[in-house]
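> Would you be able to build a 3D model of this:
(one chain, ligands or ions: 1)
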Amino acid sequence: MKRKLEGQVAIVTGASSGIGAGVAKALAGEGASVVINYSSSAEKAEKVKEEIQSAGGTATIIKADVSKEEDVLAMFQETFKQFGTIDILINNAGLQKDNKFHEMSLEEWNRVIGINLTGQFLCAREAIKEFLRRGVVPERSRAAGKIICMSSVHEVIPWAGHANYAASKGGVMMLMKSIAQEYAPMKIRVNSIGPGAIRTPINHAAWQTPQAYKQLLKLIPQKRIGEAEDIGSAAVWLASDDSDYVNGITLFVDGGMLLYPGFEDNG
Ligand code: NAD
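Next up, the predicted model:
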C-alpha cells in the first residue's frame with residue numbers, strides 16, 4: 001500500500017525534541033523526506049535524524065532561529081537545494097518564558113511572541129510562496145501545500161502567569177484561520193493542532209514528580225498525559241489527503257482537557 005506522504009517534503013521546526021521530534025518521525029514513517037530544524041542542540045537533532053534513517057526514512061538537519069527572517073529564508077533555500085521543493089510545513093517551534101504579568105519584562109514578552117507567533121508567520125510566508133509557485137502535483141497530493149501550526153489548548157483557555165504564551169497561541173489561531181481563508185482557493189490547506197498536556201521538556205515540572213502528575217491529571221478527563229506520538233498521528237492525518245476537505249480548524253489533541261474537567265464531579 002502507498003504510504004500517505006510518499007514523495008513529499010516536510011519542514012518541521014523545533015524538531016530536535018518533544019512534539020517536533022515525534023512529528024518528524026511520524027511524517028518520515030509515512031514516506032515524507034523531513035527537514036529537522038533546530039536552533040540550539042545539534043546533538044539532539046542528530047539523534048532524531050539517526051532514528052529516522054535507521055527506520056528507513058529520509059531526513060536532513062538545518063539550523064535556523066525561526067524568529068530571524070534571514071535564518072528562515074536560508075532554511076527554505078537550503079531545503080530547495082536538497083529536496084527541490086516543500087509540500088508540508090509543521091510550524092512547531094515554541095517556548096515559554098513564564099512570569100507574573102506585572103513583573104513580565106518586555107524581553108520575556110518579545111521573545112515568546114517572536115518565536116511562537118512571528119516565527120510561524122515567517123515560515124508560513126515562505127512555504128506559501130513555494131506552494132503558489134509550484135501548484136498541485138497530483139501524484140503527490142490533492143493540495144498545493146499543507147501548513148500545520150502547533151497551537152495549544154491555550155488558544156482558548158486563559159493562562160494566568162503565562163500571558164505572553166497564551167497571547168502567542170491566540171495569535172496563532174487567527175493567523176492560521178486568516179491564511180487558510182486567503183489561500184483555500186489556491187488549494188493550500190492551513191490547520192492547527194492544539195495539544196493539551198504532552199510529556200516533553202517544555203512542561204517537565206508538570207509531570208516530573210508523582211505529586212505534580214496527580215495534580216495535572218485533575219485537568220485531563222482521560223487521566224493520562226499525552227505523548228509526542230499522539231500529536232504525530234494527528235499531524236500525519238492533517239498533512240495527508242485523508243483530511244483534504246479540512247481547512248482552517250484547530251484539532252485539539254488533549255485527552256478532553258477542553259471539557260471543563262472541574263465539572264466532572266458535578267461542579
Ligand atoms: P520542546 O521544548 O521539547 O520543543 C520546542 C522546540 O522548539 C525545541 O526543540 C526548541 O529548541 C525549539 N525552538 C525554540 N526556540 C526556537 C527558535 N527560535 N527557532 C527554532 N526552534 C526553536 O517542547 P514541546 O512541548 O515539544 O513544544 C513544541 C510545540 O508544542 C510548542 O509550540 C509548544 O508551545 C506546543 N505545545 C506543547 C504542549 C505540551 O504540553 N508539551 C502543549 C501545547 C502546545
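
> What residues does the stretch 101-250 of the chain have near the ligand?
With C-beta under 6 Å from any ligand atom as the criterion, the stretch 101-250 of the chain meets the ligand at residues 115, 150, 152, 195, 197-198, 200-203. No exception for glycine: its C-beta is placed from N, CA and C like everyone else's.

> which phi and psi does the residue nearest to residue 14 when sequence neighbours are not counted have?
Of all residues not flanking residue 14 in the chain, residue 93 sits nearest, at 3.1 Å (C-beta to C-beta, 6 or more residues apart in numbering). Here is the backbone geometry of residue 93 (degrees, to the nearest 10): phi -50, psi 140.

> So which residues of the stretch 101-250 of the chain form helices?
Here the stretch 101-250 of the chain has its helices, by DSSP state H, counting those that start in this stretch, at 106-113, 119-134, 163-183, 210-217, 228-239.

> Compare those helices and report which one is nearest to residue 81.
helix 119-134 (12.9 Å; C-beta to C-beta).

> and among the helices of the stretch 101-250 of the chain, the most buried is which?
Stretch with highest mean neighbour count among the helices of the stretch 101-250 of the chain: helix 228-239 (a mean of 22; mean count of other C-beta atoms under 10 Å).

> Could you measure from residue 66 over to the ligand?
4 Å (C-beta to the nearest ligand atom, to the nearest Å).

> ok, that residue touching residue 122?
Yes. At 6.4 Å, residue 66 and residue 122 qualify as touching, with contact defined as C-beta atoms under 8 Å.

> for whichever residue of the stretch 51-200 of the chain sits closest to the ligand, what are its contacts?
Ranked by C-beta to the nearest ligand atom, the top residue of the stretch 51-200 of the chain for proximity to the ligand is residue 94, at 2.4 Å. Counting by C-beta atoms under 8 Å, 6 or more residues apart in numbering, residue 94 makes contact with 14, 115-116, 119, 150, 168, 202.

> If we ignore the residues flanking it in sequence, what's nearest residue 168?
In space, and not counting its chain neighbours, residue 168 is closest to residue 116: 3.6 Å by C-beta to C-beta, 6+ apart.

> Isn't residue 200 up against residue 23?
No. The pair residue 200 / residue 23 is not scored as a contact, 11.4 Å apart, by C-beta under 8 Å.

> Which neighbours do these two have in common?
Joint contacts of residue 200 and residue 23 (C-beta under 8 Å, 6+ apart) are residue 228.

> the more surrounded of these two?
Using other C-beta atoms under 10 Å as the criterion, residue 200 and residue 23 rank with residue 23 on top: 31 against 20.

> What helix or strand is that one located in?
Element membership of residue 23, judged by DSSP states H and E, is helix 18-29.

> For the helix or strand following that helix, which outside residues touch it?
As assigned by DSSP H and E, the chain's next helix or strand after helix 18-29 is strand 33-38. The set of residues external to strand 33-38 that reach it, using C-beta under 8 Å, 6+ apart, is 8-16, 20-21, 24, 27-28, 44-45, 48-49, 52, 57-64, 66, 75, 79, 82-83, 93.
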